[in-house]
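> I would like to see how this sequence folds:
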Amino acid sequence: MKILVLNGPNLNLLGLREPELYGSRTYPDLVEFCRGAASAAGAEAEVRQTNHEGVLVDWIQQARGVFDAIVLNAAAYTHTSVAILDAIKAVRIPVAEVHLTEPKEREPFRRVSYVGMAAEAVFSGRGFDSYADAIRHFAAKGA
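I've put the predicted structure just below:
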């Protein structure tokens with residue numbers, strides 16, 4: 001099973017950006033964590049990050065026929081991007097929405113999720129473990 005883990009804007013700043021919310025671990029720590037979680041679940045994970053919406057759309061489109069599932073933390077684009085929603089719907093690859101924090105417990109604008117409108121599952125509020133939960137979800141069902 002091949003899982004594509006996509007991360008959106010500002011996740012490259014983990015460890016620096018609002019550590020009281022996101023913790024002190026870095027983006028390289030997250031990449032290593034996701035690869036380890038996938039390996040432990042009998043899967044393979046490719047982990048990518050971009051600050052650009054169009055790049056996320058391109059990666060989602062390019063995943064078709066290459067990956068069995070997508071774990072997506074679209075970050076701020078979760079709440080704004082119809083383009084990402086449309087890409088998810090178009091490729092018909094199972095997607096899990098992931099967040100380090102719990103959006104429902106934050107600012108009101110974060111309670112709207114365009115990604116969630118097409119995701120088959122949402123894992124949030126558990127820090128890095130939200131990613132492990134999503135990876136195990138797909139590995140257990142064989143995507």
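> among the helices and strands of this protein, which has the poorest mean pLDDT?
When the helices and strands of the chain are compared on mean pLDDT, DSSP states H and E, helix 19-22 comes out lowest with a mean of 74.
> following that helix, which helix or strand shows up next?
Remark: after helix 19-22, the chain's next helix or strand is helix 27-40, criterion DSSP states H and E.
> Parallel or antiparallel, which strands does the next helix or strand after that following helix pair with?
With elements assigned by DSSP H and E, the helix or strand that comes after helix 27-40 is strand 44-49. The pairing partners recorded for strand 44-49 under DSSP bridges are strand 2-7 (parallel).
> buried sites along the strand it pairs with?
Neighbour-count burial for strand 2-7 flags 3-7 (criterion: 16 or more other CB atoms under 10 Å). Using the backbone N, CA and C atoms, a C-beta is placed for each residue, glycine as well.
> Alpha carbons only: can I get that strand in PDB?
C-alpha atoms of strand 2-7 as PDB (Å, rounded to 0.1, in the frame of the first residue of the first chain):
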ATOM      1  CA  LYS A   2       1.400   3.400  -1.000                       C
ATOM      2  CA  ILE A   3       0.100   6.400   0.800                       C
ATOM      3  CA  LEU A   4       0.800  10.000  -0.200                       C
ATOM      4  CA  VAL A   5       1.000  12.400   2.800                       C
ATOM      5  CA  LEU A   6       0.500  16.000   1.700                       C
ATOM      6  CA  ASN A   7       1.100  19.000   3.900                       C
END
